[in-house]
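Chemist: starting from these lines, generate the structure:
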Amino acid sequence: MFRILFCCVAIILVVMSGSVRALDLPPPTESEVRVPGTDYAIRLGTTHFREPNGAISQDLVAAIVTWLSAEFSLPIIEHQPVIKFVPAKEIVARRYNSILGPGRSAEDQNDTVAVYHDPTQTIYLAHNWNGSTPAEQSILVHEMVHHFQNLLRLRYECSQAREELAYHAQNRWLGLFGSNLATDFDIDGFSLLAKTKCFY
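Modeler: As a prediction, the model looks like this:
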C-alpha cells in the first residue's frame with residue numbers, strides 16, 4: 001500500500017513539475033533572420049515596416065543600404081530615396097511611359113510591381129506594400145539597387161543591363177530566407193536572361 005501511495009505521489013510531483021516548467025518557458029517567438037553585415041533582424045510575418053503615418057521604416061531602408069554596400073562592394077550612400085505608395089496602374093504607367101513614350105498603353109504589363117524614377121530619386125511601391133514577406137522586401141531591395149546606380153552614376157549599355165545587378169541582389173536577399181526569384185516571382189533563368197541582356 002505504501003509503495004502504491006509513494007508511486008502516486010511521485011507521479012503527481014512529476015506532472016506538477018512539468019506544468020511549472022511549461023509555465024516558465026518563454027512564448028514561442030516568430031522566425032527571425034539577421035541581415036548580414038548589420039544589427040538588423042527581420043521578424044517574418046510582421047508588418048512593422050510601415051510606420052503609423054504610412055511611411056516606410058527607415059531602419060529597414062538603412063539595413064538594406066548597408067547590406068547592399070557590403071554584399072556588392074558598393075560605396076555607402078548617405079542620401080535616401082523618396083518612397084511613395086501608389087496604385088499598381090500608376091506604377092505600370094510610370095514604367096512603360098518612360099520606355100514606350102507618353103500615351104502608349106501598357107495595361108497588359110502586370111509583372112511590374114515597383115519602379116524607380118531617376119530624376120526625382122523616387123521609388124514607387126504598390127499602395128498595399130507592407131514588407132511583411134521576404135518577397136515584398138526584395139522588391140524594395142531591387143529598387144534600392146537602382147537608387148545606388150543613379151547616385152553613383154553607373155552607366156550601362158542598355159536599360160536591361162541595368163537590371164542585372166538589381167535582380168541579382170533581389171535573388172540574394174530572397175536566399176537569406178530560403179527562397180529565390182523562381183519560387184516567389186516565377187522568374188526562371190530564361191526569363192532573367194530576357195530581362196537583363198541587351199538584344200540588338
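
Chemist: what's the weakest-modelled helix or strand in the protein?
Modeler: Least confident helix or strand, the chain: helix 2-24 with a mean of 42, by mean pLDDT, DSSP states H and E.

Chemist: now the residue nearest the centre of the chain: how far from Q80?
Modeler: Nearest to the geometric centre of the chain sits Q137, at 1.4 Å (C-alpha atoms, centre = their mean). Using C-beta to C-beta, to the nearest Å, Q137 is found at 16 Å from Q80. Any C-beta I mention is one placed from the backbone N, CA and C, and that applies to glycine too.

Chemist: where do the strands of this structure begin and end?
Modeler: 32-34, 41-43, 82-86, 114-117, 122-126 (DSSP state E).

Chemist: nearest to A182, of the ones you listed?
Modeler: strand 114-117 (18.9 Å; C-beta to C-beta).

Chemist: could I get that closest one in CSV with only the CA atoms?
Modeler: Backbone C-alpha positions of strand 114-117 (Å, rounded to 0.1, in the frame of the first residue of the first chain) are rendered in CSV as follows:
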residue,chain,number,x,y,z
ALA,A,114,7.6,48.8,-58.5
VAL,A,115,9.6,51.4,-60.3
TYR,A,116,12.5,53.8,-59.6
HIS,A,117,12.4,57.3,-61.1
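
Chemist: low-confidence regions, this structure specifically.
Modeler: For the chain, the stretches flagged by pLDDT under 70 are 1-30, 46-48, 97-111.

Chemist: I'd say E163 and A194 touch.
Modeler: No. Taking C-beta atoms under 8 Å as the contact criterion, E163 and A194 are not neighbours in contact, 10.2 Å apart.
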